[in-house]
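Novice: Prediction below, plus the sequence it came from.
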Number of protein chains: 2
Amino acid sequence: MTREPYGQRRDDDRSAVRRPASIKDVAAAAGVSPTTVSHVLSGNRPVNEQTAARVRSVVNRLGYVPASLARSLQAGSTSVIGLLIPDISNAFFAELAKGAEDAAHDLGYGLILCNTEFDAEREDRYLGMIRSRFVDGMVYASGSAPSRRRLEALMGKFPIALADEEVDGLERALIATADHEAGGRLVGEHLRELGHRRVLMLTGPRGLRSGVARATGFVRAFGGHVVERVGDFKEASGHRLVAKLLEEGGLDCTAVFAANDLMAFGALAALTEAGLSVPGDISVVGFDDIRAASQINPPLTTVHQPAYDVGRTATAQLLQYVSRGEVPPASRHTLPVTLKVRGSTAPAAR
Amino acid sequence: MTREPYGQRRDDDRSAVRRPASIKDVAAAAGVSPTTVSHVLSGNRPVNEQTAARVRSVVNRLGYVPASLARSLQAGSTSVIGLLIPDISNAFFAELAKGAEDAAHDLGYGLILCNTEFDAEREDRYLGMIRSRFVDGMVYASGSAPSRRRLEALMGKFPIALADEEVDGLERALIATADHEAGGRLVGEHLRELGHRRVLMLTGPRGLRSGVARATGFVRAFGGHVVERVGDFKEASGHRLVAKLLEEGGLDCTAVFAANDLMAFGALAALTEAGLSVPGDISVVGFDDIRAASQINPPLTTVHQPAYDVGRTATAQLLQYVSRGEVPPASRHTLPVTLKVRGSTAPAAR
DNA sequence: TGGGTTGTGCAAAACGTTTTGCATCCCTAG
DNA sequence: CTAGGGATGCAAAACGTTTTGCACAACCCA
């Protein structure tokens, strides 16, 4: 009494939940070995056309789809990468994510969205995905200081690309970033030329090299007095910081430079709520140039960052590395920024 | 001559690329079996504390992290789901995505971003991820008509939840959606009360049940004459459709109802460029209430949708299903919408 | 003394692929 | 008649886990 070599079931077939067809099931039904099925489907080796046709018909009949998990395990890679960003509802990161997703899709990769809210625990968990090799690589676009340290420890061992961020003292880094320093400089020059001498600078969380670059460029080009307050890139924090200064009567500045457009919006709102006119009494400048910046009233003067390109470039670089196994030389793409002068800036009041 | 039972390398160790440590390497170094290592790490069975300590120390020394792929293969699930949306740079979907990501994170799931641009090929590829079981489930938030048909074929076999979408004739569906029909009705009533009798309705791509619901609700409540044009939910299409009608001199309407805010923005721009005043000459209404809607000039009258909650609810429902293996009864959450009356609507001109 | 229980750890199967080496058959050229 | 070789397809190993059944020792209670 012979037993079928493949596809035998251990329990009988009346089980309620049907296990999806495996390559063994196909092989058994077509009367061939799993090897042959694999070859038919992958084209890796020639198979007799008649046999192949039979296999294909069984594949269709059974609705067989190869389990990508098993395939990935065998191949040693998953064709998925992660994108770590703080806030997908920030239009800047949404645009960046779109660029990343496009680049990933072009090379047949999936993209896992790692939205962290600057939460260290959350960042850690997502960074763990690369250590457990569930993702082939990671595009890192800004996180909190602690995760930054973990990141730097990882960068030597795993494929990681930085989008719109920098890192100190690492030679072999893949970086695509807008020219933040130039952006800061442009704003500094603009405000100086308008006669401003004291500005309030709203920064993002500490520990972000991109933020440092913006501030450096700005301070250097501006030359006047700079009051600094630390926010978190959200609209609410811009509002809160400005409102607080206003209450305390300590806003003796003629301009506000926010680290991103969202905080600029918040600042703008706080100022108008306090009865101040923008740009009549005080000027406001943002950073990013998200869509709403040109639609708000008054239209916001801001630095345009090519968010889509930053995301796309960083991802493309990463994938060139992981997909072809190439180790690129330390590579940095610095994308140009431009100053969009709109209605929220004017010559200094006095 | 004895051979070590575990961890022997086939080629010598001077190979340039170091393979990450596996559970066998740990076992060999600690002088135990892989089984024991697994038990130490998972806590699935008690292990002698002394042995356990030794294993843990080796784990640290080798920097061992379990390969999630192998784990998933064995477990039969990946703890990852997909989110299929047309455009992440649309603030509505970004907000929805954020809700989905939050819900996924809460239950320890990862989220793959499937941004389709309504591109059928792209949708198909992403839908394939569920058939190959790379994702445990899918949250589907609107796609093109062809992918919709594929989706419906899939819904019986795989865990899929609909976010802000509907489906006909399917009992066992997981749905979380805003009340589109009520939204359309609110707009219809609002415009009727303002005395409008002819409105231009800019719809999204055909085949979206949510769009049909909006239109139905609107037409029924409005009662006047409705001119319909089909757009694609992008700002440019709103602009193009209105501009074209304007050129042809065929815009004999006193109001425009756009299927989403982005198209309303486009319409607004086209109207002002043509020298028309909003809402003086013509009123404009949107749908979604994305952040920019209240910031634009004039502030847009629109229907507020709880995008975050829609994403979060749909995802939570799906995960309750896939994570606990529970099969919920057909379940539909309809989330309330509200009309935000702002500055872009006024009584009909004549 | 003998049967049962508890503690401890290992072997082997299973998850579902791809890949490599080999066996068989048949044909052709020398 | 035989050596060589293409065509075809299979067996088995490998990827890295978790889980189940079992073995062995030590202990306890009757």
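Specialist: Received the coordinates, thanks. Residues are numbered from 1 along each chain as shown, chains lettered A, B, ... in the order given.
Novice: so where does the closest residue to A:Arg61 other than its chain neighbours fall, helix or strand?
Specialist: Counting by C-beta to C-beta, 6 or more residues apart in numbering or on different chains, A:Arg61 lies nearest to A:Ala29, which is 7.7 Å off, once chain neighbours are set aside. (Each C-beta comes from the backbone N, C-alpha and C, glycine too.) Taking DSSP states H and E as the definition, one finds A:Ala29 inside helix A:23-30.
Novice: Which residues belonging to that helix are considered buried?
Specialist: A:23, A:25-30 (16 or more other C-beta atoms under 10 Å in any protein chain shown).
Novice: From the chain's centroid, how far away is stretch A:166-175?
Specialist: Centroid displacement of stretch A:166-175 relative to its chain, using C-alpha atoms, centre = their mean, to the nearest Å, is 17 Å.
Novice: can you pull the alpha-carbon coordinates of it into CSV?
Specialist: The C-alpha coordinates for stretch A:166-175 follow below in CSV (Å, rounded to 0.1, in the frame of the first residue of the first chain):
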residue,chain,number,x,y,z
GLU,A,166,22.2,64.7,9.9
VAL,A,167,24.5,62.9,12.2
ASP,A,168,27.9,63.8,13.6
GLY,A,169,31.1,61.9,13.2
LEU,A,170,29.7,59.1,11.0
GLU,A,171,31.6,58.6,7.8
ARG,A,172,29.5,55.9,6.2
ALA,A,173,26.2,57.6,6.3
LEU,A,174,23.4,57.8,3.7
ILE,A,175,21.9,61.2,3.9
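Novice: mind listing what A:Gly311 touches?
Specialist: A:83, A:95-101, A:103, A:139, A:141, A:163 (C-beta atoms under 8 Å, 6 or more residues apart in numbering or on different chains).
Novice: now A:Gly343
Specialist: Residues in contact with A:Gly343 (C-beta under 8 Å, 6+ apart) are A:279, A:298-301.
Novice: What strand or helix carries the closest residue to chain B within the stretch 201-350 of chain A?
Specialist: Closest approach between the stretch 201-350 of chain A and chain B, counting by C-beta to the nearest C-beta: A:Ala292, at 4.1 Å. Element membership of A:Ala292, judged by DSSP H and E, is helix A:291-295.
Novice: Just the residues contacting that helix, thanks.
Specialist: Here helix A:291-295 makes contact (C-beta under 8 Å, 6+ apart) with A:91, A:261, A:264-265, A:286, A:299-300, A:302, A:340, A:342, B:265, B:291-292, B:295-297.
Novice: which residues are contacting the helix or strand just after it?
Specialist: The helix or strand immediately downstream of helix A:291-295 is strand A:302-304, counting by DSSP H and E. Residues outside strand A:302-304 that contact it (C-beta under 8 Å, 6+ apart): A:183, A:186-187, A:261, A:264, A:285-289, A:293, A:337-340, A:342.
Novice: Which ones among these map onto strands?
Specialist: A:285, A:338-340 (DSSP state E).
Novice: can you list these in TSV and add neighbour count and distance to A:Ala176?
Specialist: Shown next, in TSV, are the ones in strands among the contacts of strand A:302-304 (neighbours: other C-beta atoms under 10 Å in any protein chain shown; distance: C-beta to C-beta, whole Å):
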residue	neighbour count	distance to A:Ala176
A:Val285	31	24
A:Thr338	15	17
A:Leu339	19	21
A:Lys340	17	21
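Novice: Tell me if stretch A:30-45 is near DNA strand D.
Specialist: Yes. Using C-beta under 7 Å from any atom of the strand, we find that stretch A:30-45 touches DNA strand D at A:31-36, A:45.
Novice: So, low pLDDT: which residues of the stretch 201-350 of chain A?
Specialist: A:327-328, A:350 (pLDDT under 70).
Novice: Just the pLDDT at the nearest residue to A:Tyr140 once chain neighbours are set aside, thanks.
Specialist: Nearest residue to A:Tyr140 in three dimensions, chain neighbours excluded: A:Leu84, at 5.0 Å (C-beta to C-beta, 6+ apart). A:Leu84 is assigned a predicted lDDT (pLDDT) of 96.
Novice: quick one: secondary structure of A:Leu84?
Specialist: Recorded secondary structure, A:Leu84: strand (DSSP: H, G, I helix; E, B strand; the rest coil).
Novice: Pull the number of nearby residues for A:Glu247.
Specialist: Around A:Glu247 there are 11 other residues, counting by other C-beta atoms under 10 Å in any protein chain shown.
Novice: for chain A, what spans make up the strands?
Specialist: For chain A, applying DSSP E gives strands covering A:80-85, A:110-115, A:137-140, A:160-163, A:174-178, A:198-203, A:225-230, A:255-258, A:283-285, A:302-304, A:331-335, A:338-340.
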